[in-house]
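Asker: here are the coordinates; sequence isn't available:
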């Protein structure tokens, strides 16, 4: 239960990375398992192993006792640390400093930690780095006069098996798998034209030096062709699903950096053509806008007269005059002038600065809210951007006359 709680508290990226390492861990050591379900089944165990080995690395040549290891791995449960310590000791990844009775101090071998680093790199790159190293070693062996024909045959068969094992799952994912699984599992294998070129050069060198190995060279060439077809099919499907501008991971990062440095302004703009970006943050907050609206509606009515007793008479009671509507109508007439409509951007620009512009905007909002007035404020989809002005961006809007209502007297 504690391990499950620890796993649920881990960030998503760390949990994903741990699961990837665990998956590769189980694949790599499947050939060494005594029986099914005999290996670790949660990323936390791998993380505890790494913490134990790091604790021994920091301890120095004197080593650590079991209790010191538990204390050094304070982030992990003590029960889990003790259990993993016993597993490491049973496989002699952790041994006594001195093989004598009642020895309390232990030391760790370097090979398990190196293997963990290898597994993390393998999970991150999909094994392409190790495949590059295999090809480099095979190419050096092909140029070495001491390499025998049997050694060359062994290298050719090993690389043929590797490329076939790479091509088969990628082609299966490209044809029948989901896009999510294709993107997560096959993406590290894409963009590897350099790897294929290196394998082709090794094939040509082996075929020219050992003509009697033509059959093995043919098998390698067919495996390379199958791998190239699988990668092309997977890349085409990802591009079709992601769109032209979103399959950015299919190209090396160096290609994008070179394009950003060397491209012209028009080329950079064309790369973002068709994408919709959010507008810039406004230079005022919602509270500022509400304050501006309240200031526009607030008039100086002077002192409020005291309440007077109501006198009953027979005459009709006149409705109080709507002074606010008259003020807003006069304000709209000043803004429109002799025109039937005027743009909001023009009115804000004529204000000169933002405090004056936001008072204009508050007046326009108040006019729009008074439906009895013969004016209308409409907004359109356009957006005008001018970094040098204030405000820097304005949505297209128009103040216009309705024409079917009279201006209040």
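Answerer: Received the coordinates, thanks. Computed from a predicted model, the values in this text were never measured in an experiment.
Asker: Residue 374 contacts residue 400, doesn't it?
Answerer: No. Residue 374 lies out of contact with residue 400 (C-beta atoms under 8 Å); the separation is 9.8 Å. All C-beta spots, glycine's among them, are computed from the backbone N, C-alpha and C.
Asker: just for the stretch 101-250 of the chain, where's the confidence low?
Answerer: Applying pLDDT under 70 to the stretch 101-250 of the chain flags the ranges 119, 121-128, 184-191, 241-250.
Asker: now the strands for it?
Answerer: 106-108 (DSSP state E, counting those that start in this stretch).
Asker: got the contact list for residue 396?
Answerer: 343, 344, 345, 379, 380, 381, 382, 383, 384 (C-beta atoms under 8 Å, 6 or more residues apart in numbering).
Asker: Make sure it is indeed in a helix.
Answerer: No. Assigned with DSSP: H, G, I helix; E, B strand; the rest coil, residue 396 falls outside any helix and is strand.
Asker: What's the separation between it and residue 354?
Answerer: 19 Å (C-beta to C-beta, to the nearest Å).
Asker: which among the contacts of residue 396 gets closest to residue 85?
Answerer: residue 383 (63.2 Å; C-beta to C-beta).
Asker: Run a quick neighbour tally on residue 231.
Answerer: When neighbours are counted by other C-beta atoms under 10 Å, residue 231 registers 23.
Asker: Touching, residue 377 and residue 363? I think so.
Answerer: No. Using C-beta under 8 Å, residue 377 is not in contact with residue 363, being 10.1 Å away.
Asker: okay, the two: which has more neighbours?
Answerer: residue 363 (23 against 16).
Asker: Could you say which helix or strand holds that one?
Answerer: Element membership of residue 363, judged by DSSP states H and E, is helix 354-369.
Asker: Who are the packing partners of that helix?
Answerer: helix 286-297, helix 323-336, helix 344-351, strand 375-385, strand 393-401 (3 or more C-beta pairs under 8 Å, 6 or more residues apart in numbering; DSSP states H and E).
Asker: can you pull the buried residues of it?
Answerer: Neighbour-count burial for helix 354-369, counted by 16 or more other C-beta atoms under 10 Å, picks out 354, 357, 358, 360, 361, 362, 363, 364, 366, 367, 368.
Asker: and if you look at stretch 195-209?
Answerer: Using 16+ other C-beta under 10 Å as the test for burial, stretch 195-209 gives 195, 198, 199, 202, 203, 205, 206, 207.
Asker: between those, which is nearest residue 102?
Answerer: Among those, and counting by C-beta to C-beta, the member closest to residue 102 is residue 195, at 54.6 Å.
Asker: wait, the closest one sits on residue 132?
Answerer: Yes. Using C-beta under 8 Å, residue 195 is in contact with residue 132, at 6.4 Å.
Asker: residue ranges of the helices in the stretch 201-350 of the chain, please?
Answerer: Assigned by DSSP state H, counting those that start in this stretch, the stretch 201-350 of the chain shows helices spanning 214-242, 253-262, 265-271, 286-297, 323-336, 344-351.
Asker: Now do the longest one: which elements does it pack against?
Answerer: Translated: helix 214-242. helix 149-176, helix 179-186, helix 193-209.
Asker: Now with 6 Å, please.
Answerer: In this structure, helix 214-242 packs against helix 149-176, helix 193-209, with contacts taken as 3 or more C-beta pairs under 6 Å, 6 or more residues apart in numbering; DSSP states H and E.
Asker: List of residues touching the last one?
Answerer: Where contact means C-beta atoms under 6 Å, 6 or more residues apart in numbering, the residues beyond helix 193-209 that reach it are 135, 138, 139, 142, 152, 217, 220, 221, 224, 228.
Asker: what separates the second one from residue 214, distance-wise?
Answerer: Distance from residue 138 to residue 214, counting by C-beta to C-beta: 17 Å.
Asker: between the two, who's got more neighbours?
Answerer: Ranked by neighbour count (other C-beta under 10 Å), residue 138 and residue 214 place residue 138 first, with 23 against 11.
Asker: if I read this right, the more buried one contacts residue 154, doesn't it?
Answerer: No. The pair residue 138 / residue 154 is not scored as a contact, 9.7 Å apart, by C-beta atoms under 6 Å.
Asker: who wins for most neighbours among the contacts of residue 396?
Answerer: residue 344 (23 neighbours).
Asker: Nearest residue to it in space, please, no chain neighbours.
Answerer: residue 397 (3.7 Å; C-beta to C-beta, 6 or more residues apart in numbering).
Asker: Any idea what the one you found is bridged to?
Answerer: residue 379 (DSSP bridges).
Asker: Measure how buried it is and give me the count.
Answerer: Neighbours around residue 397, by other C-beta under 10 Å: 19.
Asker: Surely it and residue 379 touch.
Answerer: Yes. Residue 397 is within contact range of residue 379, at 4.6 Å (criterion: C-beta under 6 Å).
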